[in-house]
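> Here's my sequence, what's the structure:
(3 chains)
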Amino acid sequence: MVHVFDEKTVARLKTLRVRLSALMSGGNGEGMRSRRAGGRFEFRDHRPYAAGDDVRAVDWNLYGRLDELFIKRFEGETRLDIHVVIDTSASMGVDGGKKDCLARRLAAAAAFCLPGEGRTLDVQVMSGELRSVATVTRAGPAAARCLPVLEGLPRPVGALVPDALRPLLGRGPRSRFILVISDFFDDPSPLPAWAGQCVAGNLLVLLGLTSHEERDPPLGARVRLQDAETGESLDISIDEEMRERYQELLADQRSELELQAARHGAAFVDASAEESFEEVFVRTLRRVGLAR
Amino acid sequence: MKTGIASPPGFGRLLLVYLAVRVVMTLLVLLNGRLPYGDSARAWKVSESGFRYRVIDDRFLDSLDRNDSRGYLWIASYGYAAGEDRQLNTAFFPGYALVVRAAHDGLRALWPGGAPPPASREDVLLWHHAGHLVSVVAFLCFLLAFHFWCRRRFNPEVAWRAGLLVILSPMGFLFSCIMSEALFLMTAFLALVMAEQGRYLKAGLAGAAAAATKSFGGAVLVSLMLIQWERAKWSLRGWGYGWLAFLLVPLALLGVMLWMAELSGSFFHYVDQQAYFFGHSHFPNFASVLDLFDPRGKTVHHLVRDVFQILGLGAALLGMAVFLRRRPAVPFRWAHVALPVIVLCVTLLAGAAVSMARYAALSAPAYVGWALLLDHPRRFRIALAASALLQAALWLSWMNSWRWVV
Amino acid sequence: MTWARPEWLGLLWTLPVIVILRLLVGRRDRRIVATLSLWRRVAASLPLRRRRRWWPPLEVVGEVVVAGTMILALAGPVLRDDSRPAPLLVVVDRGGSMEAPKRRAEWQDILNDLAAAAMAEGRDVSVRPEPDALEPMGGSRVGGVDLARRLAARRPRTPRVLVTDRRLPLALPESVGLRGVRSPLDNVGIVAAWLDRTGARSRLHLALAASREGAARRPHVRVEWDGGARVLGPLKPDEIVRVFDLPPGGAVRGDIRLELLGDGETAWNDDFPADDVATLSTPPRRLRFLVLPSEEAFAHALEALGETVIIGRDPSSPESTFAVGRRRPPDVAGALLLPPAQGGAGRLGDVVPGGAGALVFEGEGLAELPLAGLKIPRAREVSGPGLPLLRLRGKTVAMAFPHRSEVVLGFDPVAAAWDAEPVFPLILRAWLGRVAGKRSGMPLFVAADPAATRAEPPPWEDRPWRVAAQEEGALDAGSGRPLDRWVFAAATAFLVVFGALLLRSKTL
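Prediction:
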């Protein structure tokens, strides 16, 4: 098993924190801060565009991908709970556990960068049930206490139970920023249900990870595919035509997930398990308007 | 692809081009007039010593039979045995000759009206028909696989251009002659394509056939290993066990060498033969590399030959460089380039004078590279026309044994 | 069922090996994936034929069937009719000496007898003419003796007979019968004729040969040419060259013809009439040879026999070059080979028992070399300017010299009986070719009709002979019905169908 948080990774986490503090606050201080009087507020969620809306508030990024217009909604609220949910079902452990490793590092990145005044971050794991594994109240070196916990998490096993996330999506004492890190390969996908269950006021970001082998499966004349969660198998011969067909279906599936998320005001970010966690994290924050 | 432009022609059109080229080659045979052997050509000649290299009186078939063809036809007919010149012609590997023998047996069996009488003119010509058939079928199989591989890797336009370049390249006529080049090209290319698709056993068998066809065929193993390495993301883990089928390649080479050792008493007899008959004095022969570029003291014929060598080598290297640099990178590009590079290096360092252009023509990625380079229609047409003219000239050189190349 | 080309059957072993390898190597590549749902949808979207789970095993079966049928076709199946007795195979030596009319009649009688006996037993008869009983003809073709031996080894119950006039020192297997052709032969011929002009004088040199197996007789002959004639006789066996002075201004035109004169008692025959005519030649050029004494060079020479000229070191000459290859000085005529003696450098002219004979050709610079021990029986003596000579115990014998496009021998091939020395004819042949300026091999002697050395079917029209096919296996198969046409057709059809299926299914 790869050592998820070696010295180099910890150093990178610290560097990321510095970088993000500049991207998120305009160079002044740490973490999220609200600004008033015409400035940019914290992103809250999306809603579909209606005639008469301020065109400047349109999320053109999302339009480029989904061909539908959505307006970003902001709030001046600074007190919120941050929840990072890592999918620990067996599907996250395939292909050498790259997705699982990246998920843990992303959780660590969130722990290092996001907590602050009035914001606590809770790291939870989800397969059969949702379970909190670490809570961080201050960003920075204090967050390093969660690293051993994340390192020591068991290998991904079991299957995802979608209802496990429901309590988190409902109304709570404070608004919630919920970051769910999964591969979203479950069929049927729980994403539409989650996005639908997420109440207004909560910001739901769904970060979908895929490995290189999942995006570009190697050819093979005689292949037996086995489902990591159900154990079922499928004998197949993967030639170029089949691979192309698979890639088309995968792209369609990802687009569909993004559309479903946006319809319910959530955000779906697609990332590769081979990318660096810094790039994925920054991209995610940019995508939801939390960083420049 | 731009809208409004018809999609590029497919394999069927390439076949028509090939047929047209063969017709032109045949016309050139007729126009060339009396062939060097035409003066005293006889259907069958048996000399007292038993050496039976025969001169045939069919000009078309005779034009396909030059240089190494005699060695292959001899081995196909009589096996590795001493002839008039009393050497075992083990410089030629057995693969092509064996296939020709099989084709000859098949033709005899299927010949309308029954098999021709032994030692008759028809029977002699059947050997040439067999050699011709094997080369043509092998070349067309290669062309088919190459065309569809290019379509998948690139696009139909590149596949069309590359196919045309293969057919009309300066040495393209060689793939229809009674030589082992077409068979080697087919087996080596198929081995790589099968390996790309994870068909290990077929790749191993095709590679073994390539190793048995040409003395440098064993280098296919390097390419196959590179493919497997790249499939494992350049890691030495996760290779599985299927790749062990690639070991059929060195096994085939070993088998050939053992066979020759039994015939000749020397394990490396074919190396000695090549040294003796083709003038490879020692290996590596760096002096010959330098000599290639040194025009001093050379006759005009020698200069012309060296120019063709250099041009062939340069064209292959340029094509392969373009292929390598293509972005996005072509999957398994290093494997495809490794084999021709090894072949060219070995040929160059062995000081093999006239073989360079011939072996440069065995580089499949070079054709792709040139197809990518000549993406402008006018440039492509000019280059293709020049190449076709050069092929016609080299075909005349081959027919008349001027030995500019080969 | 038997096989015309059984050597291909060995390939059948590769089929089970490949199937086993396929089972080992072709095991499915197991991959754990996050979900099968996408792949199931991919598989469902493919045409039915691609989805068939039984295609992979069918592919293996198809490959085995195609490869197996092709191998069986190549092996040339022949359907035997075992209810009939095995055919009789007769291997006939068609070498030059067998074509002398007397011997030809004799072996045709032998064949007729053999055929009658075989057909009385209900056997077919296959006749296989071989251009020479002993001479290996390269590759898988073998001389008559080896062929007979090999066939006998494979099917010992099938009777074989070898018909030859050779006195074979080699043992034949028991199942191979030998019918010797023993008609005694006589020959008289002109070996060569050349004109020697010095000043105003012209001399005509004639080299003649006369030999007879059996008692020595001395024939009378008449030679004539346009412009003259002579009666010569009796010709002594050791007398070859006659020299005639021509009258001043006399010319010899046209060919020189020889005619055998019968004297009632000697009753000579001229069994090889081709050497009764000779064309006048000019004296051959002077030939120069060097002697090569070292053992190592001899080994090299034997290896590269016939194609390579060896230039040797002459210990008595200041010139010393040594090279093995295709180059030689322009004024050296030909190859000169000596066998190594037992131990040490040996003496020139030593004959190695069972090995190569020795040839020493005397020319310039070699006169003082000692010679001994040459065994060329009944060679003729001749002397003349510039001739390559064979020195034999102080006497010299003209071996051979070029005569336009032929090489004429200074000896009688019928009497020479050189077939016991396997290397000697090869050396001679190569040398003769070089001296004559020709690359390819020369007929060994001019006496016989060259056309007789071709492997043609015997010209018996009134017998139901079947001349066997060239393949040994087909001979072996005797009177079977070849099935290879059908099996090849089937193999080709399987290949086409299977290939088309592979292409369509795109699982190549």
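> wait, residue C:219 sits on residue C:189?
No: the pair residue C:219 / residue C:189 is not scored as a contact, 11.0 Å apart, by CB atoms under 8 Å. All C-beta atoms are positioned from the backbone trio N, CA, C, and that covers glycine.
> ok now the helix or strand where residue A:17 lies, how far from the chain's centre?
In the assignment (DSSP states H and E), residue A:17 maps to helix A:7-25. Helix A:7-25 has its average C-alpha position 18 Å from the chain's average C-alpha position, going by CA atoms, centre = their mean, to the nearest Å.
> Where do the strands of the stretch 51-200 of chain A begin and end?
Remark: strands assigned in the stretch 51-200 of chain A by DSSP state E, counting those that start in this stretch are A:70-75, A:80-87, A:119-126, A:130-136, A:175-182.
> Make a markdown table out of the ones you listed and add mean pLDDT.
Listed next are the strands of the stretch 51-200 of chain A as a markdown table, based on pLDDT from 0 to 100:
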| stretch | mean pLDDT |
| --- | --- |
| strand A:70-75 | 68 |
| strand A:80-87 | 88 |
| strand A:119-126 | 88 |
| strand A:130-136 | 87 |
| strand A:175-182 | 89 |
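> Mean neighbour count added to those strands, as CSV?
Below are those laid out as CSV (neighbours: other CB atoms under 10 Å in any protein chain shown):
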stretch, mean neighbour count
strand A:70-75, 18
strand A:80-87, 24
strand A:119-126, 22
strand A:130-136, 17
strand A:175-182, 24
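> Let's have those strands in a markdown table, adding distance to residue B:167.
Shown next, in a markdown table, are these (distance: least, CB to CB, whole Å):
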| stretch | distance to residue B:167 |
| --- | --- |
| strand A:70-75 | 56 |
| strand A:80-87 | 55 |
| strand A:119-126 | 61 |
| strand A:130-136 | 65 |
| strand A:175-182 | 53 |
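> Please tabulate those in JSON lines, including the columns distance to chain C.
Listed next are the strands of the stretch 51-200 of chain A as JSON lines, based on distance: least, CB to the nearest CB, whole Å:
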{"stretch": "strand A:70-75", "distance to chain C": "27"}
{"stretch": "strand A:80-87", "distance to chain C": "10"}
{"stretch": "strand A:119-126", "distance to chain C": "16"}
{"stretch": "strand A:130-136", "distance to chain C": "20"}
{"stretch": "strand A:175-182", "distance to chain C": "10"}
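> For the residue of chain B found nearest chain A, give me its contacts.
Here the residue of chain B nearest chain A is residue B:198; by CB to the nearest CB that distance is 4.1 Å. Residues in contact with residue B:198 (CB atoms under 8 Å, 6 or more residues apart in numbering or on different chains) are A:218-223, A:238, B:231, B:242, C:29.
> where's the nearest residue to residue B:159 once chain neighbours are set aside, which helix or strand?
Leaving aside its chain neighbours, residue B:159 sits nearest to residue B:150 (3.6 Å; criterion: CB to CB, 6 or more residues apart in numbering or on different chains). Secondary structure from DSSP H and E places residue B:150 in helix B:121-153.
> mean confidence score for that helix?
For helix B:121-153, the mean per-residue pLDDT is 90.
> Now do the buried residues in that helix.
B:121, B:123-136, B:138-153 (16 or more other CB atoms under 10 Å in any protein chain shown).
> One more: stretch A:3-21?
Of the residues in stretch A:3-21, those buried (16+ other CB under 10 Å) are A:4-5, A:9, A:12-13, A:16-17, A:20-21.
> do the same with stretch B:223-239
B:223-231.
> Secondary structure added to the residues you listed, as CSV?
Compiled in CSV, those are given as follows (DSSP: H, G, I helix; E, B strand; the rest coil):
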residue, secondary structure
B:223, helix
B:224, helix
B:225, helix
B:226, helix
B:227, helix
B:228, helix
B:229, helix
B:230, helix
B:231, helix
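> Run a quick neighbour tally on residue 109.
Here I'm looking at chain A. 25 (other CB atoms under 10 Å in any protein chain shown).
> Please refer instead to chain C.
Residue C:109 - counted by other CB under 10 Å - has 11 other residues nearby.
> Quickly find the element holding it.
Using DSSP H and E, the element containing residue C:109 is helix C:101-120.
> hmm, back to that, the helix holding residue A:17 - contacts with which helices or strands?
Other elements packing on helix A:7-25 under the criterion 3 or more CB pairs under 8 Å, 6 or more residues apart in numbering or on different chains; DSSP states H and E are helix A:94-113, helix A:277-287.
> And those: which comes nearest chain C?
helix A:94-113 (5.0 Å).
> how close does residue A:129 sit to residue A:81?
19 Å (CB to CB, to the nearest Å).
> Could you give the separation of stretch B:61-74 from the chain centroid?
On CA atoms, centre = their mean, the centre of stretch B:61-74 falls 14 Å from that of its chain.
> ends of that stretch, how far apart?
Stretch B:61-74 has an end-to-end distance of 16 Å (criterion: CA to CA, to the nearest Å).
> got the contact list for the closest residue to residue B:215 other than its chain neighbours?
In space, not counting the residues next to it along the chain, residue B:215 is nearest to residue B:93; the distance is 5.6 Å by CB to CB, 6+ apart. Residue B:93 sits next to B:180, B:212-215, B:217, B:256, B:270 when contact means CB under 8 Å, 6+ apart.
> host element of residue C:257?
Following DSSP H and E, one finds residue C:257 within strand C:253-261.
> Report the strands that pair with that strand, each with its relative direction.
Strand C:253-261 sits in its sheet next to strand C:220-226 (antiparallel), strand C:277-279 (antiparallel), going by DSSP bridges.
> what about those, which gets the closest to residue C:44?
Comparing the strands paired with strand C:253-261 against residue C:44 with CB to CB, the closest turns out to be strand C:277-279 (90.6 Å).
> Give me the mean pLDDT for stretch B:169-177.
pLDDT averaged over stretch B:169-177 gives 95.
> before we move on, the earlier item: how near is the residue nearest to residue B:159 to residue C:221?
81 Å.
> Please look at residue B:395 and residue B:28 and confirm they touch.
Yes: counting by CB under 8 Å, residue B:395 touches residue B:28, with 6.0 Å between them.
> No more questions from me, cheers.
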